[in-house]
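Trainee: Show me the folded form of this:
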Amino acid sequence: MRRLPTLLTAATALALPALGTAAPSTTIGTGVKSCVLAPGADCRGVVHRWGVEHHGNLRKAKFTKADLRGADLRGADLRGADFRGAKLRHADLRGARLKGARFDTRAKPGKRANATPSCAPNCGGADLSNANLTNANLYKANLTSANLSNAELDSADLASAKLTSATLTSADLTEANLSNANLTSANLSNANLWDADLTRANLTSANLTNADLTEAFVEFVTWSNTTCPNGNVQSFVCAAGES
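Mentor: The predicted structure is shown next:
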């Protein structure tokens, strides 16, 4: 199978919606607490729904337990930012730099917190349902048990990502790079995997019921006990149109 021509891919990227024309947010917070968006900003617990827009440098900013639903953070530098416990439903993080960002939940008493990989964000257990992560760099990201239902992940780099037990129902993974990703027990029912790269991905016990694998790259995939798009459980092959 061949990939789409480079020029077509570039044209698709240029067709993405332009960044908002409104002035980016500087001070946010509609409740008791507010903060000024800047590198290292302390925005813990800030509540600002549907009105945050920022595309600049927010490295190591603290958004722990903030309510940022609908935030427009396209292209923002969020390296090392802390989003643990934050509400990010419908947030737009297209093109954002997420290296070292934290999205995982805090450790419970007596339990160790998940370690953040040095080269990728840790989103284990995070609620990213309906989030827009188009073109996001999530290489080696820890998305274990994360909720990515209805998320926009088209053209996202999820190579070698940990997606064990993740919920990806109805997610858009068109042309996403999932090579070497661990999708053991992941729920991919109704997901769009058109032209996705699943080379060497582990789909053991994954649920692909009604998923679209048209033109997907499925070389060397582990299919053990995988539920195929047609609803049948396969032990060795689960390519589209095969049973």
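Trainee: The protein: strands as residue ranges?
Mentor: 27-28, 35-36, 226-227, 233-234 (DSSP state E).
Trainee: got TSV for the ones you listed, with mean neighbour count and distance to residue 159 too?
Mentor: C-beta coordinates here come from the backbone N, C-alpha and C atoms, glycine included. Converted to TSV, the strands of the chain look like this (neighbours: other C-beta atoms under 10 Å; distance: least, C-beta to C-beta, whole Å):
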stretch	mean neighbour count	distance to residue 159
strand 27-28	16	33
strand 35-36	16	34
strand 226-227	23	20
strand 233-234	16	24
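Trainee: Residue 45 is nearest to which of those strands?
Mentor: strand 35-36 (9.4 Å; C-beta to C-beta).
Trainee: Name every strand pairing with the closest one and say which way it goes.
Mentor: Using DSSP bridges, strand 35-36 pairs in its sheet with strand 27-28 (antiparallel).
Trainee: To residue 91, which of the strands of the chain lies closest?
Mentor: Nearest of the strands of the chain (C-beta to C-beta): strand 27-28, 13.3 Å.
Trainee: Would you mind pulling the contact partners of that closest one?
Mentor: Contacts of strand 27-28 with the rest of the structure, by C-beta atoms under 8 Å, 6 or more residues apart in numbering, involve 34-37, 43, 46, 48, 51-52.
Trainee: The same query, at a cut-off of 10 Å, please.
Mentor: Residues outside strand 27-28 that contact it (C-beta atoms under 10 Å, 6 or more residues apart in numbering): 34-37, 41, 43, 46-48, 51-54, 63, 66, 68, 71.
Trainee: Now find how far off-centre that strand is within its chain.
Mentor: The chain centroid and the centroid of strand 27-28 are separated by 25 Å, computed with C-alpha atoms, centre = their mean, to the nearest Å.
Trainee: repeat for stretch 80-95
Mentor: On C-alpha atoms, centre = their mean, the centre of stretch 80-95 falls 10 Å from the chain's centre.
Trainee: now swap in stretch 160-171 and tell me
Mentor: 9 Å.
Trainee: average pLDDT across it?
Mentor: Averaging pLDDT along stretch 160-171 yields 97.
Trainee: mind listing what the residue nearest to the spatial centre of the chain touches?
Mentor: By C-alpha atoms, centre = their mean, the chain has its centre lying nearest to residue 133, at 5.3 Å. Residues near residue 133 by C-beta under 10 Å, 6+ apart: 91-96, 98, 123, 141, 148, 151-156, 158, 171-172, 176.
Trainee: same check, this time on residue 57
Mentor: 37-40, 76-79, 97.
Trainee: Lowest pLDDT pick from those?
Mentor: Comparing these by pLDDT, residue 97 comes last, at 85.
Trainee: Any stretches of the protein with poor pLDDT?
Mentor: Applying pLDDT under 70 to the chain picks out residues 1-23, 104-120, 235-237, 239-243.
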